[in-house]
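In: Give me coordinates for this.
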Amino acid sequence: MSVHVLKRATGIGAVADTSVRDTVARMLAEIEAEARAAASYTGRPVLSRQVLQAMSRVPRHEFVSRARKDLAYYNGALPIGYGQTISQPYIVALMTDLLDLTAESVVLEIGTGSGYQAAVLAEICRDVYSIEIVSALAEESASRLHRLGYTNVHVTAGDGYDGWSAQAPFDGILVTAAAEEIPPPLVEQLKPGARLVIPLGERYASQALMVVEKDVEGGVSSRSVLPVVFVPFTRRRAARKS
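Out: From the prediction side, this is the model:
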């Protein structure tokens, strides 16, 4: 299992081109509008300033294919190959916000994808450990994040169900694919007081974004936040059968 270790450079991700800045501003306005519209579900009509700043700094056009550059800041999901997608910006922002991270947080992400969510997390917290089951996608994402200067992201190819025990416990865990159950190893790897954000439900069917919290005594509770649609959570065994 190869691990790619990346670190964040000062000022990376700042979008300098004027036309791109205007497009980013429209994306942020749409995120804020959707947050207000979904407040009855999420209880969060306003997302934190640090999350919105992170969204403004990450160059999303670097995480989509050349053929879809013109849609990079569209507030919707886009295909990235290998049967995977880059999530809708609002969902990326919401999931990040739900973790309530600090500059000292260490986070586990399951499902690196193009690396976009990892980059957003990396703008906020100290370290991001990210696992991607598609080896080629893990390699591509690690290379992209390295090129963009993110040195606090650690990417590996593997089955995310078991988490990353060598780096546990985590201040937050984020899963970017819909599972049919909450993986017990991920709950075990949460620090007391930390949160796991994960979509739960059947493949391409009824799904809900869930927040799982571990209290200071180790008790676990969960709540549904929002109806969502994510690609399915896949495991190494399933990949071998396909």
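In: For the rest of this, base every contact and every neighbour count on C-alpha atoms.
Out: Noted.
In: which residues touch the top helix by length along the chain?
Out: In the chain, assigned by DSSP state H, the helix with the most residues is helix 18-37. Applying Cα atoms under 8 Å, 6 or more residues apart in numbering, the contact partners of helix 18-37 are 15, 44-47, 52, 55-56, 73-75, 89-90, 93-94.
In: Check stretch 82-97 too.
Out: Residues contacting stretch 82-97 (Cα under 8 Å, 6+ apart): 27, 30-31, 34-35, 47-48, 51-52, 55, 63-64, 73-80, 113-114, 116-117, 120-121, 134, 137, 174, 197, 231.
In: Can I have the buried ones of those as a PyMOL selection?
Out: PyMOL command restricting these to the buried ones, with burial defined by 16 or more other Cα atoms under 10 Å:
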select buried, resi 27+30+31+34+35+47+51+52+55+63+64+73+74+75+77+78+80+113+114+116+117+120+121+134+137+174+197+231
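In: In helices only, show me the contacts of stretch 82-97.
Out: Those of the contacts of stretch 82-97 lying in helices (DSSP H): 27, 30-31, 34-35, 51-52, 55, 116-117, 120-121, 137.
In: Output these as a markdown table; include the columns distance to residue 160 and pLDDT.
Out: A markdown table is the format used below for those (distance: Cα to Cα, whole Å; pLDDT from 0 to 100):
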| residue | distance to residue 160 | pLDDT |
| --- | --- | --- |
| 27 | 30 | 97 |
| 30 | 31 | 98 |
| 31 | 28 | 98 |
| 34 | 30 | 97 |
| 35 | 29 | 98 |
| 51 | 25 | 98 |
| 52 | 27 | 98 |
| 55 | 25 | 98 |
| 116 | 17 | 98 |
| 117 | 16 | 98 |
| 120 | 19 | 98 |
| 121 | 18 | 98 |
| 137 | 14 | 96 |
